[in-house]
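**Q** below is the sequence, then the predicted model.
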Amino acid sequence: MIGSQHLRRPAAEVTVVAKFKYAVSNWIYGGEDLELTYRRLHRAGFDGVELVGEPDRHDPERVLALNRQYGLKVTSVLSWCLWPIASRDLAHPDREMRRQAVEYIARNVDLAVAVGAPIVVVIPGPAGRPAPHGAGEDAPAWQRLAHEEWQLAVDSVRTAADYARERGVLLAVEPINRFESYLVNSAVHGVAFINAVGQDNVKLHLDTFHMHIEDPDIGEAIRLAGPLLVNMHLSDSNRQAIGRGHFDFRGLLRALRTIDYSGYLVLEPLPAHPNPFVGNRLEEHRARWDDDAADSIACLRGLERGLGWRPSG
């Protein structure tokens, strides 16, 4: 008879579970019908979708029906604050333009409420405007105008936050790299801006493409953000699909784990084209959308498994 000391129980099987929830921002698909986007994300195993902030484009009842049909959630609404749309410029020196910009954010808040999204992403200084209005090459003038527009943007976001709070919605400030916007560029800038606004429903949104340019230590930026961080955009260092550049996503996931990040990771891979708003409408790039989505989430899930994470408890 074999002694009990020689008997071995089979090792208990431990299931590796996903640590994070993944979504895609639908603006990267140009004007594609929303159901096609839902089908793609459902097939690839995503958890949600971020809607571009064009309230007139979305029928909330249809969005809710698609959520039910495909088992996805709307994670957030992305405010489309792009220059030269002056009426969406929260830092514009013209009071009427700022009023319209705040109204635009309020409409995005209404859309978020209607589709069950908890977050509206806002850009304090619009993407595509890399200098203060009227700034030339005089350094003191630049600094003065930048300071003035910073305060204008703070006031605008504070007003929008009052509206959002009454409706249970968070505003998430997104820093944009210095080549696209001059106002809020890094995680450090984002935290400072949020502190200046001083509203408890104003949080932080970070984007790995912009972080790759502006934040010298990604882990430190994530830890600095801490509980303020409620939403993220992910693309690789070249702004393409995950795994096609050299961004350290393994390090990113580790850093997010240290702060117990519970928000969505919203993928935003773009084509290798000088103008993403043109590139995402070219057939040669549209043909890659399915593969980009599937490859990106597979890469991230693989990194999670490689880190050996197990369910707690």
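**A** Received, thanks. This is a predicted model, so every value here is computed, not measured.
**Q** could you find the closest non-adjacent residue to Arg129?
**A** Trp83 (3.8 Å; C-beta to C-beta, 6 or more residues apart in numbering). For every residue, glycine as well, the C-beta is placed using N, CA and C.
**Q** for that neighbour, grab the count of nearby residues.
**A** The tally of other residues near Trp83 (other C-beta atoms under 10 Å) stands at 17.
**Q** what's the answer for Gly31, then?
**A** Residues near Gly31, counting by other C-beta under 10 Å: 8.
**Q** next SSE after the helix or strand bottoming out on mean pLDDT in the chain?
**A** One helix or strand of the chain scores below all others by mean pLDDT, DSSP states H and E: helix 276-279, with a mean of 65. Following helix 276-279 in sequence order, the next helix or strand is helix 283-286 (DSSP states H and E).
**Q** now do the helix or strand following that next one, average pLDDT.
**A** Following helix 283-286 in sequence order, the next helix or strand is helix 289-306 (DSSP H and E). For helix 289-306, the mean pLDDT works out to 95.
**Q** now helix 289-306: how far from the chain's centre is it?
**A** Relative to the chain's own centre, helix 289-306 is displaced by 17 Å; criterion: C-alpha atoms, centre = their mean, to the nearest Å.
**Q** can you spell out which helices and strands pack onto it?
**A** strand 21-25, helix 34-44, helix 249-258, strand 264-267 (3 or more C-beta pairs under 8 Å, 6 or more residues apart in numbering; DSSP states H and E).
**Q** next one: the third one to chain centre, how far?
**A** Going by C-alpha atoms, centre = their mean, the spacing between the C-alpha centre of helix 249-258 and its chain's C-alpha centre is 16 Å.
**Q** show me what the mean pLDDT comes to for that helix.
**A** 96.
**Q** just the strands in the stretch 101-250 of the chain please.
**A** 119-122, 170-173, 202-207, 229-234 (DSSP state E, counting those that start in this stretch).
**Q** the ones you listed into a markdown table, with extra columns for distance to Val49 and mean neighbour count?
**A** As requested, these are arranged in a markdown table below (distance: least, C-beta to C-beta, whole Å; neighbours: other C-beta atoms under 10 Å):
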| stretch | distance to Val49 | mean neighbour count |
| --- | --- | --- |
| strand 119-122 | 13 | 28 |
| strand 170-173 | 16 | 26 |
| strand 202-207 | 16 | 24 |
| strand 229-234 | 13 | 25 |
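**Q** can you redo the ones you listed as CSV with mean pLDDT and distance to Gly48?
**A** Listed next are the strands of the stretch 101-250 of the chain as CSV, based on pLDDT from 0 to 100; distance: least, C-beta to C-beta, whole Å:
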stretch, mean pLDDT, distance to Gly48
strand 119-122, 99, 11
strand 170-173, 99, 15
strand 202-207, 99, 15
strand 229-234, 99, 11
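**Q** out of the ones you listed, nearest to Met97?
**A** strand 119-122 (15.4 Å; C-beta to C-beta).
**Q** packing partners for that closest one?
**A** strand 48-53, strand 73-79, helix 95-115, helix 139-166, strand 170-173, strand 202-207, strand 229-234.
**Q** and the contacts of that strand?
**A** Outside strand 119-122, the residues that touch it by C-beta atoms under 8 Å, 6 or more residues apart in numbering are 50, 53, 75-79, 81, 90, 105, 108-109, 112, 157, 160, 164, 169-174, 203, 205, 230-231, 263.
**Q** at 7 Å what do you get?
**A** Here strand 119-122 makes contact (C-beta atoms under 7 Å, 6 or more residues apart in numbering) with 76-79, 81, 105, 108-109, 112, 157, 164, 169-174, 205, 230-231.
**Q** with stretch 202-220 instead?
**A** 121, 157, 161, 170-178, 185-187, 190-191, 194, 221, 225, 228-235, 237, 239, 247-248, 251-252, 255.
**Q** quote the end-to-end distance of that stretch.
**A** For stretch 202-220, the first-to-last residue distance is 21 Å (C-alpha to C-alpha, to the nearest Å).
**Q** same deal with stretch 264-283?
**A** OK, stretch 264-283 end separation, C-alpha to C-alpha: 29 Å.
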